[in-house]
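Q: When you get a sec, could you give me coordinates for this:
(one chain, ligands or ions: 1)
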Amino acid sequence: MNQLPDSVDAVVIGAGLAGLAAARQIKSRGRSVIVIEAQDGVGGRVRTDKVDGFLLDRGFQVLLTAYPELKTQIDVAALDLKMFSSGALVIRNGKASVVTDPFREPRRAIATVFAPIGSLTDKLRIAALRWRVMHSDATKILNSTDISTVVALRGLGFSSKMIDRFFRPLFGGIQLDPDLRTSRRMFEIIFKSLSEGQSALPTNGMSAVPEQMAKHLGSENIFLNTRVISVERGIVSTANSQVRAKAIVVATDQPASSELLKTDEIASRVAGCVYFAADEPPTHEKFVVLDGTGRGPVLNAAVLSNIAPSYAPPGQHLIVAALPGVINGDLEEMSRDQLRTWWGPQVDAWRHIKTYRITHAGPVQLPPFNPKQKVSLGDGLFVCGDHRDTGSIQGALYSGRRCGEAVTASLA
Ligand SMILES: Cc1cc2nc3c(=O)[nH]c(=O)nc-3n(C[C@H](O)[C@H](O)[C@H](O)COP(=O)(O)OP(=O)(O)OC[C@H]3O[C@@H](n4cnc5c(N)ncnc54)[C@H](O)[C@@H]3O)c2cc1C
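A: Okay, the predicted model is just below:
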């Protein structure tokens, strides 16, 4: 392991998306910066394991191409994105129904209208909501009156059927919040991103995003397997060394941030995720597959190798089952029990590859939710991460960038 330098302009603690974005911003202004990371690789919550030729993202994640920060911080073309079909396949009572965006998938508009997922009025309300969020800017959405997602959906007139069969599995899955208690502001931002762009997977796995960012920083500036144990004015301490810095950025996840900065901890959302290998895919569709009962514990699933064939070795298929809010118990058995009701006995022949139990998948962001919290704490101390903005890839990238800008302004 390389020796930490004695002093630099800035130290960033944490090589997740926020930390990498902050460090890159600082470096681009000609300042010396290092990143100190506790784990053995960059990416934080966005990492991919390679197991027997399968690419396993640590928790089912997707990249929404409409995220504005992707355009400024990421070479999206280099990720060689593979797209999900827009819409979803909703399974209920063993029957699969396609619900798509009729503007993007006119071919399947009729199927959507007749899908037993909510009434025709519900579907018209979705179109109206889509129109409204697409014609509102993000700042306006993030400053609107805040209530929970489920209360907002009821207020918009959606039926319980529509909420349970569509919104709960889709947004409960994306926001890792099966109760839909998350802020309406967050929900509308995600709904806008889904309406304006596509859900995608990088050919080499989600970790391709942070790995690309790390390359710009240079490996000599990133210190892995090194845990920061304390920060005080101008000094960052690890177990066996200290670095002096004019600016210190705490870019860790919220629980670690509250420990280092001695602030109140925000509750965490948890998530379970089970990967299976199969010789034959249960569907050839490229949709995310939703639990149309809304009861879970698997709220959504996907045959990832249909979307990105590189996620599985030739001739094999990779299936992911996502269990937002569930990390205890036999997740593999729970997933098989439920997916058997979707796809029948073929599920028993699938090989279990790996189960993830993620104890901090994201910060709980209930209404009233403040999406843009201050990044400068004074005395050369800065903080960023998804807990300072929206709990998402976009939120982490944005938070890191604006924190990096605040650091460079302070060093000028
Ligand atoms: C299962 C799952 C599914 C998700 N799905 C989506 C999705 O589909 N779309 C989406 O937009 N977002 C999704 N997210 C959220 C998204 O991944 C996160 O919001 C984002 O990656 C957070 O980045 P971050 O940099 O703020 O924090 P992190 O990624 O947590 O990075 C913090 C880093 O700090 C390091 N660290 C902590 N303590 C120390 C210390 N003391 N010393 C040194 N280093 C330390 C950690 O090891 C970590 O690498 C999902 C998250 C999970 C877990």
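
Q: Residue numbers of this protein in contact with the ligand?
A: 13-19, 36-39, 44-46, 59, 61-62, 174, 227-228, 251-253, 256, 271, 358, 361-362, 385-386, 391-396 (CB under 6 Å from any ligand atom). C-beta coordinates here come from the backbone N, C-alpha and C atoms, glycine included.

Q: By neighbour count, sort out the buried ones in these.
A: Of all the residues of the chain next to the ligand considered here, the ones buried according to neighbour count by 16 or more other CB atoms under 10 Å are 13-19, 36-38, 44-46, 59, 61-62, 174, 228, 251-253, 256, 271, 358, 361-362, 385-386, 391-396.

Q: Filter those down to the ones in strands?
A: Among those, the members falling in strands are Ile13, Ile36, Val228, Ala271, Ile358, Ala361, Gly362 (criterion: DSSP state E).

Q: Of these, just say which sits nearest to Leu70.
A: Taking CB to CB as the measure, Leu70 sits nearest to Gly362 out of those, at 18.7 Å.

Q: need the contact list for that closest one.
A: Arg45, Gln175, Leu176, Ser268, Arg269, Asp386, Gly391, Ser392 (CB atoms under 8 Å, 6 or more residues apart in numbering).

Q: Which residue, other than its chain neighbours, is closest to the fourth one?
A: Take Ser268 and drop its neighbours on the chain: the residue closest to it by CB to CB, 6 or more residues apart in numbering is His360, 4.3 Å away.

Q: How many residues are close by that neighbour?
A: For His360, the neighbour count with other CB atoms under 10 Å is 16.

Q: Please, where are all the helices along the stretch 151-300 of the chain?
A: Ranges of helices in the stretch 151-300 of the chain, per DSSP state H, counting those that start in this stretch, are 160-162, 168-174, 184-196, 208-217, 254-261.

Q: Columns mean pLDDT on top of those helices, output as TSV?
A: Conversion of the helices of the stretch 151-300 of the chain to TSV gives the following (pLDDT from 0 to 100):
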stretch	mean pLDDT
helix 160-162	91
helix 168-174	88
helix 184-196	92
helix 208-217	97
helix 254-261	96
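
Q: Would you point to the one among these that's packed deepest?
A: helix 168-174 (a mean of 26; mean count of other CB atoms under 10 Å).

Q: Now do the contacts for Thr203.
A: In this structure, Thr203 makes contact with Leu79, Asp80, Leu81, Lys82, Ala308, Ser310, judged by CB under 8 Å, 6+ apart.

Q: meant to ask about Ser159, not that
A: Gly118, Ser119, Thr121, Asp122.

Q: Chain neighbours aside, what residue packs nearest to the last one?
A: The shortest distance from Asp122 to any residue that is not its chain neighbour, by CB to CB, 6+ apart, is 4.0 Å, and that residue is Met162.

Q: Just to check, the one you found is in contact with Ser119?
A: Yes: counting by CB atoms under 8 Å, a contact exists between Met162 and Ser119, whose distance comes to 7.4 Å.

Q: Thought Gln254 was touching the residue nearest to Ser268, still the case?
A: Yes: counting by CB under 8 Å, Gln254 is a contact partner of His360 at 7.2 Å.

Q: okay, and the common contacts of these two?
A: Looking at what touches both His360 and Gln254 (by CB under 8 Å, 6+ apart), the common residues are Ser268.

Q: I'd assumed Ser148 was in contact with Gly155.
A: No: here Gly155 lies out of contact with Ser148, judged by CB under 8 Å, at a distance of 10.2 Å.

Q: More neighbours: which of these two?
A: The residue with the greater number of neighbours, taking Gly155 and Ser148 and applying other CB under 10 Å, is Ser148; the counts read 19 against 10.
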